[in-house]
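Enquirer: sequence and predicted structure, then a few things I'm wondering about:
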Amino acid sequence: MHLDGAARLEQQLVALGKKAAGKVMRPATRAGAKAILPVAKANAQAMIGGEMGGIIADSLTVRVLKSGQRRRNEVGHQVVISQKHEEQLVVISKAGRRNYIPAAIEFGHDEAAPIPFMRAAYDSTARKALGVIMKQAGLRIEIEARKAT
């Protein structure tokens, strides 16, 4: 288990063991991602605007990191665009190429400038999200420690 910027918290997690550490960090990382979610939704509405901004904002959700996105014994959550409105978020070109609109907006395409609504949400709330994670983890460590005694 590795938690950047929280050496004392990391030591306490290691002392609890892998199973208990997972019980502590799973809800804590989810709470941290949920701190970013409303800002990402607001950015989609404000920065993109229009119908597409609304569709993207409505599609944003918090999901657990898949096994290919994390290391062994690692837990985490992320803000992603769900497939709720997939038919409206994917455009197939005349050549048959599948284009994902949110990625084209976030990173830019052809001659269109990027509108980094997700990056801006993360950058503006990362410190707050880390604080939420640390607070939630601290509370859950206390709960798990009480169970162990």
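Expert: Right, received. Where do you want to start?
Enquirer: CA only for contacts and neighbour counts going forward, please
Expert: Noted.
Enquirer: longest helix of the chain?
Expert: helix 117-148 (DSSP state H).
Enquirer: show me what that helix is packed against.
Expert: Helix 117-148 is packed against helix 7-16, helix 18-43, with contacts defined by 3 or more CA pairs under 8 Å, 6 or more residues apart in numbering; DSSP states H and E.
Enquirer: of these, which stretch is the most buried?
Expert: Across the helices and strands packed on helix 117-148, averaging neighbours per residue (mean count of other CA atoms under 10 Å) puts helix 18-43 on top, at a mean of 20.
Enquirer: quick check: angle from that one to helix 117-148?
Expert: 150 degrees (axes from the mean of the first three to the mean of the last three CA atoms, to 10 degrees).
Enquirer: centre of the chain versus helix 18-43, how much separation?
Expert: 7 Å (CA atoms, centre = their mean, to the nearest Å).
Enquirer: pLDDT of it, averaged?
Expert: The average pLDDT for helix 18-43 rounds to 89.
Enquirer: and after it, which helix or strand comes next?
Expert: Later in the chain than helix 18-43, the nearest helix or strand by DSSP states H and E is helix 50-59.
Enquirer: what comes up buried for that next one?
Expert: Neighbour counts over helix 50-59 (16 or more other CA atoms under 10 Å) mark Met52, Gly53, Gly54, Ile55, Ile56, Ala57, Asp58, Ser59 as buried.
Enquirer: sounds good, over and out.
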